[in-house]
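> just a sequence and a predicted model for now, questions to come.
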Amino acid sequence: MFRNYWCSFMYGMGLVAIIFIISSLVFPESIRIKDLYYMVCILIPSHLFSFFTFELKLFSKHIWIRRTIAIAFSILVLFVSGYTFGSIRLEFKSLIVYCIAALICTMVIVFAYYVADKIEQRNLNLINQKLSDENKGNIE
């Protein structure tokens with residue numbers, strides 16, 4: 001399990017590094033090293049919580065409940081880290097924008113989960129079809 005966690009964590013860290021590098025190339029004046037620290041501080045607790053929630057099947061046996069809990073925790077970590085790093089202001093207009101952004105991110109994540117589920121279902125159907133074709137060939 002530790003190896004799976006480590007590989008998954010390093011994949012996340014690599015993704016954070018790629019996003020940071022591309023962002024610093026596109027917006028060289030506005031991206032600072034503090035932003036990389038912010039991204040890593042979001043990744044570590046979110047990834048740790050999500051990995052063990054899914055790996056150990058915590059909170060529920062239903063995958064969508066675990067996904068909802070992981071998304072909510074990640075958004076909470078995003079807001080707490082943003083406040084800690086000083087990039088989130090606690091003003092009414094700002095909070096509305098943050099809530100709308102969190103809602104949009106949640107919809108994108110749910111859509112990505114849905115697409116991943118459909119792809120996995122299609123792959124499983126193809127495997128089942130091949131197995132049933134092989135079984136028919138062995139019976140005849």
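That came through fine.

> now residue 91. Its backbone dihedrals?
Phi and psi for residue 91, reported as degrees, to the nearest 10, are phi -110, psi 160.

> average pLDDT across the helix or strand in which residue 100 is found?
Using DSSP states H and E, residue 100 sits in helix 92-139. The average of the pLDDT scores along helix 92-139 is 87.

> counting by contacts, list what that helix packs against.
helix 63-85 (3 or more C-beta pairs under 8 Å, 6 or more residues apart in numbering; DSSP states H and E). (Each C-beta comes from the backbone N, C-alpha and C, glycine too.)

> mind listing what's buried along the helix it packs on?
In terms of neighbour count (16 or more other C-beta atoms under 10 Å), helix 63-85 has its buried residues at 66-67, 69-71, 73-75, 77-79, 81-82.

> do stretch 31-48 as well
31, 35, 36, 38, 39, 41, 42, 43, 46, 47.

> list phi and psi for the closest residue to residue 35 other than its chain neighbours.
Excluding the flanking residues, the one nearest residue 35 by C-beta to C-beta, 6 or more residues apart in numbering is residue 20, at 6.8 Å. Per-residue torsions, residue 20: phi -60, psi -40 (degrees, to the nearest 10).

> for residue 44, see how far away residue 20 is.
15 Å (C-beta to C-beta, to the nearest Å).

> what does residue 87 give?
17 Å.

> need the CA coordinates for stretch 122-137. PDB is fine.
Extracted in PDB, the C-alpha atoms of stretch 122-137 (Å, rounded to 0.1, in the frame of the first residue of the first chain):
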ATOM      1  CA  ARG A 122     -16.600   0.400 -21.600                       C
ATOM      2  CA  ASN A 123     -13.300  -1.300 -21.000                       C
ATOM      3  CA  LEU A 124     -14.900  -3.900 -18.600                       C
ATOM      4  CA  ASN A 125     -17.600  -4.600 -21.200                       C
ATOM      5  CA  LEU A 126     -14.900  -5.200 -23.900                       C
ATOM      6  CA  ILE A 127     -13.000  -7.500 -21.600                       C
ATOM      7  CA  ASN A 128     -16.200  -9.400 -20.800                       C
ATOM      8  CA  GLN A 129     -17.000  -9.600 -24.500                       C
ATOM      9  CA  LYS A 130     -13.600 -11.100 -25.200                       C
ATOM     10  CA  LEU A 131     -13.900 -13.600 -22.400                       C
ATOM     11  CA  SER A 132     -17.300 -14.700 -23.500                       C
ATOM     12  CA  ASP A 133     -16.000 -15.100 -27.100                       C
ATOM     13  CA  GLU A 134     -13.100 -17.200 -25.800                       C
ATOM     14  CA  ASN A 135     -15.500 -19.300 -23.700                       C
ATOM     15  CA  LYS A 136     -17.700 -19.900 -26.700                       C
ATOM     16  CA  GLY A 137     -14.700 -21.000 -28.800                       C
END
